[in-house]
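> Everything below, folded, please.
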Amino acid sequence: MKTPFGNMANIMKQAQAMQAQMAKLQEEAATKTVTGSAGGGMVTVTANGAMELVGIVIDPEAVKSGDVEMLQDVVMAASNDALKKARQMMADQMKAVTGGMNVPGLF
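The predicted model follows:
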């Protein structure tokens, strides 16, 4: 006869294992990058899995136009694209850890 406490101990072990996997995933996140772009490649932004921007490349032709507002908009769009891809990358990796279970507050 199984007791409810035996099942609870098993659940706790599984939760601890999942927590360890998630901690490892978060450590590795900073080494994985994605790239977003906007303006037909005029601006390219690289972000890592820790949701940090790690690189921005602006085509020199974009600066020559002198249209600062347009350049600001393109940089923002490329940054948002990179961060969206980084969130998706981390969500996909979290699905592997959680078995597809939706855990609120995780990426």
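> Do I have it right that residue 21 meets residue 97?
Yes: using CB atoms under 8 Å, residue 21 makes contact with residue 97 at a distance of 4.6 Å. The C-beta positions use only the backbone N, C-alpha and C, and glycine is treated the same way.
> pLDDT weak spots in the protein?
Scanning the chain for pLDDT under 70 picks out 1-6, 98, 100-107.
> can you do 80?
1-6, 15, 18, 22, 25-26, 96-107 (pLDDT under 80).
> for this protein, longest helix please?
Longest helix in the chain, counting residues (DSSP state H): helix 68-98.
> Would you confirm that residue 40 belongs to a helix?
No: counting by DSSP: H, G, I helix; E, B strand; the rest coil, residue 40 is not part of a helix but coil.
> Can you mark which positions in the longest helix of the chain are buried?
71, 74-75, 77-79, 81-83, 85-86, 89-90, 93-94, 97 (16 or more other CB atoms under 10 Å).
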